[in-house]
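Student: any chance you could fold what I've pasted below:
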Amino acid sequence: MNPRFIRNVPDYARNLSAKAVPVPANTVVKVTTDGLHDRQLVIIRNIGKDTVYLGSSDVNDTNGFPLFVNEVIVLSSKKDVFAYSKKDGELRVLEG
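Tutor: Numbering: from 1, shown residues only. Below is the predicted model of the structure:
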């Protein structure tokens, strides 16, 4: 599709970054990309086989926000997001 025919596309949608994020069991991992200070949006999908918990760098299964299997969350945040899981897991992340 010719880009000149796409109208009203927000600036953050022009610079999207997609990646897979493995979440090893009992480990906190950073979900968001370093250095992406102009981030407007983070979309996270849990494609693993167990619940993943989202939060700050001290996230765990008691203080984190649960993201169940195949669930998607959309965050409008410039802050970094971290994930924790009791079992090996995997997330798909789209940010921009």
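Student: which regions of the chain sit below the pLDDT cut-off?
Tutor: Flagging of the chain using pLDDT under 70 yields the residue ranges 1-15, 35-37.
Student: which residues does Leu16 contact?
Tutor: Contacts for Leu16 (C-beta atoms under 8 Å, 6 or more residues apart in numbering) come out as Leu94, Glu95, Gly96. No exception for glycine: its C-beta is placed from N, CA and C like everyone else's.
Student: which one of those residues is nearest Lys78?
Tutor: Of all the contacts of Leu16, Glu95 has the smallest distance to Lys78: 10.3 Å, by C-beta to C-beta.
Student: how far away is the nearest residue to that closest one once chain neighbours are set aside from Tyr53?
Tutor: Closest residue to Glu95 apart from its sequence neighbours, by C-beta to C-beta, 6 or more residues apart in numbering: Val42 at 4.6 Å. For Val42, the distance to Tyr53 equals 15 Å [C-beta to C-beta, to the nearest Å].
Student: my read: Lys86 touches Pro24, true?
Tutor: No - the criterion here is C-beta atoms under 8 Å, and Lys86 misses it with Pro24 at 10.8 Å.
Student: wait, doesn't Val21 sit right on Val29?
Tutor: Yes - shown here, Val21 and Val29 form a contact pair, counting by C-beta under 8 Å, at 6.5 Å.
Student: common neighbours of those two, please.
Tutor: Common neighbours of Val21 and Val29, using C-beta under 8 Å, 6+ apart, are Ala83.
Student: helix or strand for Asp61, which one?
Tutor: Assigned by DSSP states H and E, Asp61 belongs to no helix or strand.
Student: which residues does it contact?
Tutor: Asp61 sits next to Thr51, Tyr53, Tyr84, Lys86 when contact means C-beta under 8 Å, 6+ apart.
Student: ok, now Ser56?
Tutor: Lys79, Asp80, Phe82.
Student: before we move on, the earlier item: any quick ChimeraX command for the buried ones out of the contacts of Leu16?
Tutor: Per 16 or more other C-beta atoms under 10 Å, the buried members of the contacts of Leu16 correspond to this ChimeraX selection:
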select :95,96
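Student: no more questions from me, cheers.
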